[in-house]
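**Q** Task: produce atomic coordinates for the following.
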Amino acid sequence: MNTIRTITYYQFSKKNQYKIYIGNDHAGLEYKNIIIDHLKQQEYDIINRGTNTKQSCDYNEIATELCSDVLRDKGLGILICGSGVGMSIMSNKVKGIRCGQINDYNSAKQAAEIGCNVIALGSRILGIEVAKQVIDAFLNSYQNVHTEINETISQIEQDNFRK
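**A** Numbering: from 1, shown residues only. Below you'll find the model as predicted:
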């Protein structure tokens, strides 16, 4: 399915060191727009990689393109679909991406602490206020450091992903 998508870049300040890529399928459109407004208020650099219509679209393509951008720019990603499951599965097929499907505040903090660089949210699972709290917890807790966990995950990727 072809969906009309545009890439919109919102740059507000250099206060935050990471570019935040946000992507969505048709089920996540309303959440994405609210979350972009929420992140604008915090002066994050935001790049919209999702659909801007309610027309059914291919979440696989959106997830893999966003993940490529995250890896290239060493940014962070937020993906939104109906459940968060499809986006999470597809993201984790991209070597170098660590995506957690997040449904609560504690999981968001844990994802940040163990080096997830993308999170997936379900618009049909989380209320929008919880979704904003989850995103804030993830972004405020994120540490791009090499820990034992990251090294273990990298080794597993090396052993199991195709070259």
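
**Q** rest of the way, CA atoms for contacts and neighbours
**A** OK.

**Q** Which parts of this structure are helices?
**A** For the chain, the helices defined by DSSP state H occupy 29-41, 59-73, 85-91, 105-113, 128-141, 148-160.

**Q** The ones you listed: which one's closest to Ala120?
**A** For the helices of the chain, the distance to Ala120 is smallest for helix 85-91, at 5.5 Å, taking C-alpha to C-alpha.

**Q** from memory Ile78 sits against Gly23, does it?
**A** Yes - Ile78 is in contact with Gly23 according to C-alpha atoms under 8 Å; the separation is 6.3 Å.

**Q** what ranges of the protein fall below the confidence cut-off?
**A** Within the chain, the set of residues satisfying pLDDT under 70 comprises 1-16, 143-150, 162-163.

**Q** can I get the helices of the chain in a markdown table with mean neighbour count and distance to Ile97?
**A** Below are these laid out as a markdown table (neighbours: other C-alpha atoms under 10 Å; distance: least, C-alpha to C-alpha, whole Å):
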| stretch | mean neighbour count | distance to Ile97 |
| --- | --- | --- |
| helix 29-41 | 17 | 21 |
| helix 59-73 | 20 | 7 |
| helix 85-91 | 22 | 7 |
| helix 105-113 | 19 | 12 |
| helix 128-141 | 18 | 15 |
| helix 148-160 | 13 | 10 |
